[in-house]
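1. quick one, structure for this:
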Amino acid sequence: MNRQQKETTIQSLKERFSQSPATFVIGYKGLSVVQMQDLRSQVRNSGGDLKIAKGRLLKRAVGDLEDEKTLAPYLKNQIGVVFASDEAPAIAKILSSFAKDNAALELVVGQLDGALLDKQGIVRIATLPSKDVLRAQLCGTLQAPITRLVFGLNMQLIQLLLVLKQVAEKKK
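-> Coordinates of the predicted model:
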């Protein structure tokens, strides 16, 4: 790579670090090309992006960003960076399951909304449901008291109608 290509790579990485709400650093030493392609496609299908660059270029890209400086000590050896656009739990789930299936993949560290996550933190995030499921659960929780109230009022009306029917039958 010449100097211009390196500068372009650094600028691209800076943009990705600053725009991504979640970033995961993985060690890929020992993975085959086919395994890396499989990982890339799985990450891409979930809205993420896997970037491989030299550690020095990654450190330069991270060095100028204030929030990301905590990642700098982990940017060594053969590492890749996975950027998650929206669904951080989905990307973490893919990385976690891929690491279980392929011992060569190492979950080094992650960062979610400025908080640094170790390997156990990434696995913990992987167990979270997606945003859509969480929203559905929240809507169900908010809707439950209203549904019970409507059901209770409806039962009162039904009981009133039954009483009126019995009164009408007695008058006949």
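2. give me the distance between the residue nearest the centre of the chain and Ser20.
-> The residue lying closest to the centre of the chain (C-alpha atoms, centre = their mean) is Ala88, at 1.5 Å. Distance of Ala88 to Ser20, given as C-beta to C-beta, to the nearest Å: 9 Å. To be clear about C-beta, it is placed using only N, CA and C from the backbone, and glycine gets the same treatment.
3. re earlier: quick check on the residue nearest to the centre of the chain: phi, psi?
-> Backbone dihedrals for Ala88, given as degrees, to the nearest 10, come out at phi -60, psi -40.
4. next up, the contacts around the nearest residue to it once chain neighbours are set aside.
-> In this structure, Ala88 finds its nearest non-sequential neighbour in Ala22, 3.6 Å apart by C-beta to C-beta, 6 or more residues apart in numbering. If a contact means C-beta atoms under 8 Å, 6 or more residues apart in numbering, then Ala22 has 83-84, 88, 91-92, 110-113 as its contacts.
5. which residues touch the residue nearest to the centre of the chain?
-> Listed by C-beta under 8 Å, 6+ apart, the contact partners of Ala88 are 21-22, 112, 125.
6. which of those residues are buried?
-> Among the contacts of Ala88, the ones that count as buried by 16 or more other C-beta atoms under 10 Å are 22, 112, 125.
7. in strands, which of the contacts of Ala22 appear?
-> Within the contacts of Ala22, residues falling in strands by DSSP state E are 83-84, 110-112.
8. who wins on neighbours among those?
-> When neighbours are taken as other C-beta atoms under 10 Å, the top entry among these is Gly110 (27 neighbours).
9. so that one touches Ile26, yeah?
-> No - in this structure, Gly110 is not within contact of Ile26 by C-beta atoms under 8 Å, at 9.1 Å.
10. okay, the residue nearest to the centre of the chain: pLDDT?
-> On the pLDDT scale, Ala88 is placed at 83.
11. likewise Leu95?
-> Leu95 carries a pLDDT value of 90.
12. one more: the one 10 residues further on?
-> According to the model's per-residue confidence, Leu105 sits at a pLDDT of 87.
13. contact partners for it?
-> 26-28, 31, 35, 39, 95, 98-99.
14. among the residues you listed, which lie within helices?
-> 35, 39, 95, 98-99 (DSSP state H).
15. biggest separation within those, which pair?
-> Gln35 and Leu95 (12.9 Å; C-beta to C-beta).
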